[in-house]
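Novice: I need the structure of the sequence given here:
(one chain, ligands or ions: 2)
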Amino acid sequence: SLDWGYTDDNGPSTWAEKYPLAAGARQSPVDIDTSKATSDNSLVDREIDWSYPSNCSYRIVNTGYGWRVDTYGDDTALSGGPLSEVYKLEQFHCHWGATNDEGSEHTVDGKSYAAELHLVHWNSEKYSSFKEAASQPDGLAVLGVFMEIGNADNAELEKIISLIPKIIHKGQDSQASFDLDFGSLLPESKHYWTYLGSLTTPPCNECVIWTVFKEPITISERQLEVFRSLKSVGEEDAIEPEEGKLVKNYRPPLPLGNRVLRECGP
Ligand SMILES: NS(=O)(=O)c1c(F)cccc1F
Ligand SMILES: [Zn+2]
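Specialist: Ligands and ions are numbered 1, 2, ... in the order given. This is a model prediction of the structure:
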């Protein structure tokens, strides 16, 4: 069985027992209380800039906690906004819930979205590896994109979703080189909130500069059901067919405490 997860006996309320950082004062996610967001001028002319290649080889893996696409981010770059250096894309993944009224990790004035996409970058200017960066206060930069249910499929996500039947069980992976247009995985508006936080999964290192976009992208109900068909157990774990389904993998919000929440964009 997993030493941490999202069920009643190994879920977020138990993580601090084995992962003490989970009880820290700079944890993620948080509820974005829009009345607390300050739109100071320090960000006003610093647009978030990203450059992702159009065609790249990717590996999608079932981590037991969800799907993750490893991007070998050689010619990727994220800069601007709250970032003082250039960060490279390491991987992206998603969090979702059992029903569409929950699933995102960050919430906005208490509202949850159906899912949340995370693009995880690391500070390759200051540190020599993702692993080293994940132990530093400015080591990672994660872009959070809310996902809400719409009528249409999300065409870019469909390229990933079509691979999920090959990685139903924990540990399975699939190599694919597809031309992913990351730009269409991000909302049109660059309006975002930013604050200092952590990994939202154990070990919950407090190493992330979070940027959460205000505008959601859409995903269809069918596509979200495919996410929920993933299993948190390996093929060899003989369990009932309906057991071990990853129907939810989000951490509920933690207190913002005395952290500053900044807002930028139109
Ligand atoms: N959820 S998250 O984006 O904070 C995250 C990371 F950044 C890195 C590893 C795992 C993980 F879950
Ligand atoms: Zn995440």
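Novice: When you work out contacts or count neighbours from here on, use the C-alpha atoms and nothing else.
Specialist: Fine.
Novice: Now Ser232: closest residue in space, sequence neighbours ignored.
Specialist: Nearest non-adjacent residue to Ser232, counting by CA to CA, 6 or more residues apart in numbering: Gly64, 4.1 Å away.
Novice: what about the one you found, how many neighbours?
Specialist: Neighbour count of Gly64, defined by other CA atoms under 10 Å: 23.
Novice: Could you do Asp153 as well?
Specialist: Considering only other CA under 10 Å, Asp153 is surrounded by 16 other residues.
Novice: and it, what pLDDT?
Specialist: We have a pLDDT of 90 for Asp153.
Novice: Next up, the contacts around it.
Specialist: Thr218, Ile219, Ser220, Arg222, Gln223 (CA atoms under 8 Å, 6 or more residues apart in numbering).
Novice: Phi and psi next, for the closest residue to ligand 1 within the stretch 151-266 of the chain.
Specialist: Nearest to ligand 1, among the residues of the stretch 151-266 of the chain, is Leu199, at 3.3 Å (CA to the nearest ligand atom). When quoted as degrees, to the nearest 10, the phi and psi of Leu199 stand at phi -60, psi 140.
Novice: Distance check, it against Asp33.
Specialist: 20 Å (CA to CA, to the nearest Å).
Novice: Name the residue in the two with the higher neighbour count.
Specialist: Per other CA under 10 Å, whichever of Leu199 and Asp33 has more neighbours is Leu199, with 23 against 13.
Novice: Pretty sure the more buried one sits against Trp210.
Specialist: No: applying CA atoms under 8 Å, one finds Leu199 not in contact with Trp210, separated by 9.7 Å.
Novice: Up against ligand 1, what does the stretch 151-266 of the chain have?
Specialist: Leu199, Thr200, Thr201 (CA under 6 Å from any ligand atom).
Novice: can these go into a markdown table with extra columns for pLDDT?
Specialist: Shown next, in a markdown table, are those (pLDDT from 0 to 100):
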| residue | pLDDT |
| --- | --- |
| Leu199 | 98 |
| Thr200 | 99 |
| Thr201 | 98 |
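Novice: In a markdown table: those, plus distance to Pro29.
Specialist: Shown next, in a markdown table, are those (distance: CA to CA, whole Å):
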| residue | distance to Pro29 |
| --- | --- |
| Leu199 | 8 |
| Thr200 | 6 |
| Thr201 | 10 |
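Novice: sec struct for the residue sitting furthest away from the middle of the chain, please.
Specialist: Relative to the centre of the chain, and counting by CA atoms, centre = their mean, the farthest-placed residue is Ala238 at 29.9 Å. When classified by DSSP: H, G, I helix; E, B strand; the rest coil, Ala238 comes out as coil.
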